[in-house]
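> from the sequence below, what's the structure:
(chains A and B)
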Amino acid sequence: MRIPCPYCGPRDLREFAYLGDASVERPDAAAPDALDRFVDYVYLRNNPAGRHREYWYHGAGCQSWLVVSRDTRTHEIFDVEPAAQKVTAS
Amino acid sequence: MPWRKYSALALVWNGLTGNRDWTVCWRDAAPRDRYDVVIIGGGGHGLATAYYLAKNHGITNAAVIEKGWIGSGNAGRNTTIIRSNYLMPGNIPFYEWSMKLWEGLEQDINYNAMVSQRGVLNLYHSDAQRDAFARRGNAMRLHGVDAELLDRDQVCALVPYLAFDDSRFPIRGGLLQRRGGTARHDAVVWGYARAADRLGVAIVQNCEVTGIRVTGKRVTAIETTRGVIRADKVALSVAGSSSRLAAMAGLRLPIESHALQAFVTEGIKPLVDHVITFGAGHFYISQSDKGGLVFGGDIEGYNSYAQRGNLPNVEDVCESGMAIMPLLGRVRIVRSWGGLVDMSMDGSPIIDLTPISGLFLNAGWCYGGFKATPAAGWCFAHLIAREKPHPFAAAYRLDRYALGRLIDERGAGAQPNLH
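Sure, this is the predicted structure:
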């Protein structure tokens, strides 16, 4: 598996570390149902067989956090964007 | 005369009469439109559940529904190791019960599952690791499980072919559980299938579940590629795909699916008499009765439903193997394969009721499901029949994540790929 890093080009899997699902959002700690939402955020995952948005860290390259859209059945990669952009966008 | 029970006499008779009188091991049942209990997943866990449901609880109007053929998933893809060398209080009694069931399994189900208590040896490579292993061994012994802490010379007497003086990871000793070992994974599946079938359970193969019908928080039926099957109780036993099945009932689980690879070499003469694990990396090895060295290591580390792995892990496993057993370099790997494992958020399994009445869950086995097969079946059957957890599985609740009662053997936190 190779991941096309937006800064470095296509690079081998060995250069990256995996964090997990990028679709979970840290809830507002002041919300009245914050406890339930934190349980969801920390523990529950959709774990889809198919398209999955996930965090990868290019540790042996540019050291950027990336959000990769990948098919979990075939490892086909649809899209890679810097995680910083995701934060700014939301 | 048809021989239903396997015995030396049956073997001799059939050997002398052309093997005409054996009966089928299990019937290939067509699905009926209703059962009291439907178990989804015809792996070791599902079939063991069916067997103990019939034997211990008298529930025989039950079916095991399998997408492919029985044992074609993780039951046929693991490295066949059985052990109960755990540390945490919620784990030890459960896995020790599993070990005890393994010890009497073949007589119970009248099937040769090739249970071989050849000993599981965990190597340690530093003083700190020795202390950690001493603690684990003491925890095991306090729960009545056998454990022996060996020093370097004692390990050397057992397994002299290892690299004891590796400059980076010298072997300083090991923790040995003599009652641990291996069992023949396919035979476990076949044995439980035959035993469950004899008690009246239907085993339905080539029947994929496509939906779970829920009416007002109560499960009513499952939809399959061979029609709708109504049931009072539906039990999920589909580790690797638990999230997909649970999603059909609208549930999200604290689980990620990951791929785990395993390897086997060409057959060689008897060499590895035990199950040996490397303490400074992740590597475990044993020798099958056919002579192949069977080994494996870490999971791939990213969500996957691919049932195959990538090259970096192959290298990592082989490097770990070479670090303790350099003679491995002279033997060729003939096959490698991958299975899908349910990596849970604390590295421990779930055997519990769900928020949906009549829907039961057996999931989250990480890479340790095979050894748990008998006890998981035993406790899951108890849960399905009585609708309350078995005492040995009392810690494996779904709500433990919200309550903070995690069972985290590795101490890695809510990060599935670190367990």
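
> quick one, longest helix in chain A?
helix A:34-43 (DSSP state H).

> tell me the buried residues in that one?
When burial is assessed from 16 or more other CB atoms under 10 Å in any protein chain shown, helix A:34-43 yields the following buried residues: A:37-40, A:42-43. The C-beta positions use only the backbone N, C-alpha and C, and glycine is treated the same way.

> dump the residues you listed to TSV, plus distance to B:Gln287 and pLDDT.
Listed next are the buried residues of helix A:34-43 as TSV, based on distance: CB to CB, whole Å; pLDDT from 0 to 100:
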residue	distance to B:Gln287	pLDDT
A:Arg37	50	96
A:Phe38	47	97
A:Val39	45	96
A:Asp40	46	96
A:Val42	42	97
A:Tyr43	39	97
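
> around chain A, pick out the residues from the stretch 301-419 of chain B.
Contacts of the stretch 301-419 of chain B with chain A, taken as CB under 8 Å from any CB of the partner chain, map to B:301-306, B:310-312, B:345, B:401-402, B:414-417.

> for the residues you listed, work out which two are farthest apart.
Across those, no pair lies farther apart than B:Leu311 and B:Ala402, at 39.0 Å, counting by CB to CB.

> what segments of the stretch 101-250 of chain B are helices?
With DSSP state H, counting those that start in this stretch, the ranges of helices along the stretch 101-250 of chain B come out as B:127-142, B:152-158, B:185-198, B:242-248.

> just how off-centre is the first one within its chain?
The gap between where helix B:127-142 is centred and where its chain is centred comes out at 24 Å by CA atoms, centre = their mean, to the nearest Å.

> is it true that A:Cys8 touches A:Cys62?
Yes. Contact criterion CB atoms under 8 Å: A:Cys8 and A:Cys62 qualify, at 5.4 Å.

> quick check on residue 49: phi, psi?
Picked chain A for this. Per-residue torsions, A:Ala49: phi -90, psi 100 (degrees, to the nearest 10).

> chain B is the one I meant
Per-residue torsions, B:Thr49: phi -60, psi -50 (degrees, to the nearest 10).

> count of neighbours near the residue in the stretch 51-200 of chain B that chain A sits nearest to?
Taking CB to the nearest CB as the measure, the point where the stretch 51-200 of chain B comes nearest chain A is B:Lys67, at 13.0 Å. Per other CB atoms under 10 Å in any protein chain shown, the neighbour tally for B:Lys67 reads 19.

> for it, what are its contacts?
By CB atoms under 8 Å, 6 or more residues apart in numbering or on different chains, B:Lys67 lies in contact with B:206-209.

> go again with 7 Å.
B:207-208 (CB atoms under 7 Å, 6 or more residues apart in numbering or on different chains).

> how about B:Arg77, nearest residue that isn't a chain neighbour?
B:Gly339 (3.5 Å; CB to CB, 6 or more residues apart in numbering or on different chains).

> phi, psi of the one you found?
phi -130, psi 160.

> got the residues of chain A near chain B?
Within chain A, the positions lying close to chain B (CB under 7 Å from any CB of the partner chain) are A:1, A:13-14, A:18, A:20, A:39, A:42-47, A:49, A:52, A:54, A:72-75.

> helices of chain A, start to end?
So, for chain A - with DSSP H - the helices run A:34-43, A:83-89.

> pLDDT weak spots in chain B?
Scanning chain B for pLDDT under 70 picks out the ranges B:1.

> for chain A, what's its nearest residue on it.
Relative to chain A, the nearest point of chain B is B:Ser243 (3.7 Å; CB to the nearest CB).

> returning to that earlier point: elements contacting the longest helix of chain A?
Applying 3 or more CB pairs under 7 Å, 6 or more residues apart in numbering or on different chains; DSSP states H and E, we find helix A:34-43 packed against helix B:400-403.

> can we see that at 6 Å?
Helix A:34-43 sits against no helix or strand, with contacts defined as 3 or more CB pairs under 6 Å, 6 or more residues apart in numbering or on different chains; DSSP states H and E.

> what lies in contact with it?
For helix A:34-43, contacts defined as CB atoms under 6 Å, 6 or more residues apart in numbering or on different chains pick out A:24, A:26-27, B:254, B:345, B:401-402, B:414.

> repeat for stretch A:8-15
Here stretch A:8-15 has contacts from A:1-2, A:4-5, A:60-62, B:310, B:312, using CB under 6 Å, 6+ apart.

> B:Ala385 reaches B:Gly58, doesn't it?
No. Contact criterion CB atoms under 6 Å: B:Ala385 and B:Gly58 do not qualify, at 8.4 Å.

> of these two, who's got more company?
Between B:Ala385 and B:Gly58, counted using other CB under 10 Å, B:Ala385 has the larger neighbour count: 18 against 9.

> identify the residues contacting the more buried one.
Neighbour list for B:Ala385: B:57, B:59 [criterion: CB under 6 Å, 6+ apart].

> what angle separates the host helix or strand of it from helix B:185-198?
Using DSSP states H and E, B:Ala385 sits within helix B:373-386. Interaxial angle, helix B:373-386 versus helix B:185-198 (axes from the mean of the first three to the mean of the last three CA atoms, to 10 degrees): 30 degrees.

> name the residues of helix B:373-386 that come out as buried.
Quick answer for helix B:373-386 (16+ other CB under 10 Å): B:373-385.

> repeat that for stretch B:19-37.
Quick answer for stretch B:19-37 (16+ other CB under 10 Å): B:26, B:31, B:35, B:37.

> show me the contacts for the first one.
This means B:Trp26. Contacts for B:Trp26 (CB under 6 Å, 6+ apart) come out as B:193-194, B:197, B:203.

> which of those residues are buried?
Among those, those classed as buried by 16+ other CB under 10 Å are B:193-194, B:197, B:203.

> circling back: put together JSON lines for the helices of the stretch 101-250 of chain B, with distance to B:Gly292 on each row.
Listed next are the helices of the stretch 101-250 of chain B as JSON lines, based on distance: least, CB to CB, whole Å:
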{"stretch": "helix B:127-142", "distance to B:Gly292": "29"}
{"stretch": "helix B:152-158", "distance to B:Gly292": "21"}
{"stretch": "helix B:185-198", "distance to B:Gly292": "14"}
{"stretch": "helix B:242-248", "distance to B:Gly292": "30"}
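
> so where do the strands sit in the stretch 1-150 of chain B?
Ranges of strands within the stretch 1-150 of chain B are B:34-40, B:62-65, B:81-82, B:120-124, B:148-151, based on DSSP state E, counting those that start in this stretch.

> then the stretch 151-300 of chain B?
Going by DSSP E, counting those that start in this stretch, the stretch 151-300 of chain B shows strands at B:173-177, B:181-182, B:202-204, B:209-215, B:218-224, B:227-236, B:255-267, B:275-278, B:283-287, B:292-303.

> what does the first one contact?
The reference is to strand B:173-177. B:83, B:85, B:119-124, B:133, B:137, B:146-152, B:155.

> cool, and stretch B:121-133?
B:169, B:171-176, B:274, B:276-280.

> from B:Pro374, how far out is B:Cys366?
18 Å (CB to CB, to the nearest Å).

> what's the burial count for B:Asp232?
Neighbour tally, B:Asp232, other CB under 10 Å: 16.

> likewise for B:Val115?
17.

> residues contacting the residue lying closest to it once chain neighbours are set aside?
Nearest residue to B:Val115 in three dimensions, chain neighbours excluded: B:Ala183, at 4.6 Å (CB to CB, 6+ apart). Contacts here follow CB under 6 Å, 6+ apart; on that basis B:Ala183 touches B:80, B:82, B:113, B:115.

> highest neighbour count among the residues you listed?
Within the contacts of B:Ala183, B:Ile82 tops the neighbour count with 28 neighbours, counted by other CB under 10 Å.

> by proximity to chain B, which residue of chain A wins?
For chain A, CB to the nearest CB, closest residue to chain B: A:Asn47, 3.7 Å.
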